[in-house]
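[1] 3D model of this:
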Amino acid sequence: MVGKLLYKKERKIVARVLLSSLMLFSIFLFIILLMVNSVLSLGITPGRTTINYESGLEREVSFSILNNEHKNMEVLLTVRGELNDSITLFDGLVNFLPSEESKQFKYKVKLPDRIALEPGLHQADIVALEVPKASFDGTYVGATVAVISQLHVYVPCPGKCIDADFNILDAEENSTATIIIPVINRGELGIGNVRAVVDIYNLDYEKKGSVETDSQSIDPGKRTELSAKWDVNLNSGNYIAKVSIFYDGQTKTFEKQFSIGKNMLSIESILVNNFQLGEIAKLQILVENRWNQELKSVFANLLVFNKKNQVMTDIKSASENIPSLSKKELIAYWDTVGVKEGEYNGKLLVKYDGKSSDKNLILKVSQDNLDIFGIGYAINPRGGKGVDITMILIVLVILLLLANLSWFVFFRRFIGNFRKR
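    Numbers count the residues shown, from 1 in each chain. I've put the predicted structure just below:
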């Protein structure tokens, strides 16, 4: 009788061990599936290519399509937008195999005469559309995914004209903020002197202060930044900046709303794993929503400047909704083909609800490392080769199964020996 009781007891122990193993395995499998499904099946890089207009310009532009899920798929390439007649695609319908992580393609740009284009910005979209698979009855199944690479062409104005923006850094109560006015000379002539005056208003348009920037000169097609320090003596909240830019006897004015106090969205870190120069780098940008409401359509925009202070890289992440008081990773891809080793200036903008959180960066690029500085510390101090979380989870699952299998074998032998007695 005692033997039977012991035998039943041991069987219950074995059953509990197996049940706990299955539960833990299910949890780990669920986590892995969540991580895999959080990545879009289709990607494209760069997010934007910018060209300054030249009469009769002909140029080939390269871009890459990313097969993030490593699957068989067909992708249709099309062009849309104002400049679609100026773009010729070399490929239409392309196929991907599971072993093909990415493919590089080209399109040809042939710009029309100046008469056909007004001064200013003109654009086109290169659209990559995943073609859904047809089932046996001829119907199409599966969701379609489309990604876009933009082409921006700036046609200079005959005389002097500019584009400008307003940024403010470290705008906290009782602190010193930095006002930055990026200015681009879109004209054919150089500008000898440009400066800005920023008037600060509350939302009822009551003037609260005024700041004047330094002055600069700008060559045609070039970019500069006007800056000023501002002693903030206002309460936290939303305000309006009225910006007046004076350049060689001309004036440009615009308004932009900004906030004083804690940013609704903060940039916490950037992680780059397994970086190799000449390949496509995956940038994991962690942001935190500090507001008490969900922020919708949040995306990251990374700008990298070359030695001439021109934008050499302009990439964007997909848009995400971030719940209140939570963190989320924004994923962007940088195609580093043609990028040389060295140190580059950059700017990271996380845009949301008509606002943006901006950080100036320094990117140190080597053959197998991408170190990014500028958010208060070295963001990726160990270099490009990081830890693959998915692989760690898989290894843990295997170890867990082996451990529980060992317990199962042990109890089976124990019970077998006990019954022989």
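[2] can you give me the neighbour number for Phe105?
    19 (other CB atoms under 10 Å). For glycine as for every other residue, the C-beta is placed from the backbone atoms N, C-alpha and C.
[3] my bad, Leu93
    Neighbours of Leu93 using other CB under 10 Å come to 10.
[4] how about Asn193?
    Neighbours of Asn193 using other CB under 10 Å come to 12.
[5] and the pLDDT at it?
    Predicted confidence (pLDDT) for Asn193: 95.
[6] quick one: it from Ala164, how far?
    15 Å (CB to CB, to the nearest Å).
[7] and stretch 274-294, end to end?
    Counting by CA to CA, to the nearest Å, you get 32 Å between the two ends of stretch 274-294.
[8] where's Tyr65, which helix or strand?
    Check again: residue 65 is Ile, not Tyr. strand 58-67 (DSSP states H and E).
[9] same check on Ile181?
    Going by DSSP H and E, Ile181 is part of strand 176-185.
[10] got the angle for the next helix or strand after that strand vs strand 176-185?
    Using DSSP H and E, the helix or strand that follows strand 176-185 towards the C-terminus is strand 191-201. In terms of direction (axes from the mean of the first three to the mean of the last three CA atoms, to 10 degrees), strand 191-201 departs from strand 176-185 by 140 degrees.
[11] for strand 191-201, give me every contacting residue.
    Residues from elsewhere that reach strand 191-201, judged by CB atoms under 8 Å, 6 or more residues apart in numbering: 160, 162, 164, 166, 179, 181, 183, 185, 207-218, 224, 226, 228, 230, 234, 239-248.
[12] in strands, which of these fall?
    Using DSSP state E, the members of these that fall in strands are 162, 164, 179, 181, 183, 185, 207-212, 216-218, 224, 226, 228, 230, 239-247.
[13] now the buried members of the residues you listed.
    By neighbour count, with 16 or more other CB atoms under 10 Å, the ones in strands among the contacts of strand 191-201 hold 162, 164, 179, 181, 183, 185, 211, 216, 218, 224, 226, 228, 230, 239-243, 245-247 as buried.
[14] am I right that Leu401 sits in a strand?
    No - under DSSP: H, G, I helix; E, B strand; the rest coil, Leu401 falls outside any strand and is assigned helix.
[15] okay, now it: neighbour count?
    15.
[16] now Asp335
    Asp335 has 21 nearby residues by other CB under 10 Å.
[17] what's the spacing between it and Lys106?
    On the measure of CB to CB, Asp335 and Lys106 end up 13 Å apart.
[18] which neighbours do these two share?
    Counting by CB under 8 Å, 6+ apart, the contacts common to Asp335 and Lys106 are Phe63.
[19] can you pull out the helices in the stretch 301-421 of the chain?
    In the stretch 301-421 of the chain, the helices defined using DSSP state H, counting those that start in this stretch lie at 389-420.
[20] low-confidence ranges, the stretch 201-350 of the chain, go.
    262-263, 291-293 (pLDDT under 70).
[21] what about the strands in it?
    207-212, 216-218, 223-231, 237-247, 250-260, 265-272, 280-289, 295-305, 311-316, 320-322, 326-335, 342-352 (DSSP state E, counting those that start in this stretch).
[22] format these as CSV; extra columns: distance to Gly81.
    Converted to CSV, the strands of the stretch 201-350 of the chain look like this (distance: least, CB to CB, whole Å):
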stretch, distance to Gly81
strand 207-212, 39
strand 216-218, 29
strand 223-231, 24
strand 237-247, 29
strand 250-260, 25
strand 265-272, 30
strand 280-289, 25
strand 295-305, 19
strand 311-316, 17
strand 320-322, 25
strand 326-335, 22
strand 342-352, 21
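[23] the ones you listed: which one's closest to His152?
    Smallest distance to His152 across the strands of the stretch 201-350 of the chain (CB to CB): 8.7 Å, for strand 311-316.
[24] give me the domain ranges for this protein.
    Following automatic domain parsing, the chain resolves into domains at 2-38+393-420, 44-155, 162-260, 265-373.
[25] what about Ile126, helix or strand, and which?
    Per DSSP H and E: strand 120-131 holds Ile126.
[26] pull up the pairing partners for that strand, direction included.
    Strand 120-131 has its sheet partners listed here by DSSP bridges as strand 73-81 (antiparallel), strand 146-155 (antiparallel).
[27] direction-wise, compare that strand with strand 58-67 and give the angle.
    40 degrees.
[28] could you export strand 120-131 as PDB, CA atoms only?
    The C-alpha trace of strand 120-131 is given here as PDB (Å, rounded to 0.1, in the frame of the first residue of the first chain):
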ATOM      1  CA  GLY A 120      11.300  75.300 -55.200                       C
ATOM      2  CA  LEU A 121      10.800  71.600 -54.200                       C
ATOM      3  CA  HIS A 122       9.700  69.000 -56.700                       C
ATOM      4  CA  GLN A 123       9.400  65.300 -55.800                       C
ATOM      5  CA  ALA A 124       8.600  61.800 -56.800                       C
ATOM      6  CA  ASP A 125       8.100  58.500 -54.900                       C
ATOM      7  CA  ILE A 126       9.700  55.200 -55.700                       C
ATOM      8  CA  VAL A 127       7.100  52.700 -54.400                       C
ATOM      9  CA  ALA A 128       7.900  49.000 -53.600                       C
ATOM     10  CA  LEU A 129       4.700  47.000 -53.300                       C
ATOM     11  CA  GLU A 130       4.700  43.400 -52.100                       C
ATOM     12  CA  VAL A 131       2.400  41.400 -54.500                       C
END
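[29] in that strand, which residues are buried?
    122, 124-130.
[30] then stretch 286-302?
    Across stretch 286-302, burial judged by 16+ other CB under 10 Å covers 287-291, 295, 298-302.
[31] what of stretch 53-73?
    For stretch 53-73, by 16+ other CB under 10 Å, it's 53, 61, 63-68, 73.
[32] before we move on, what about stretch 151-160?
    Neighbour-count burial for stretch 151-160 [16+ other CB under 10 Å]: 151-157, 160.
[33] and which of those residues is nearest Ile280?
    For those, with Ile280 as the reference and CB to CB as the criterion, the closest is Leu151, at 19.7 Å.
[34] among the buried residues of stretch 286-302, which pair sits farthest apart?
    Trp291 and Leu302 (22.9 Å).
[35] looking at the strands paired with strand 120-131, which is nearest to Ile331?
    Taking these one by one with CB to CB, strand 146-155 is closest: 12.5 Å.
[36] thank you kindly, that will do.
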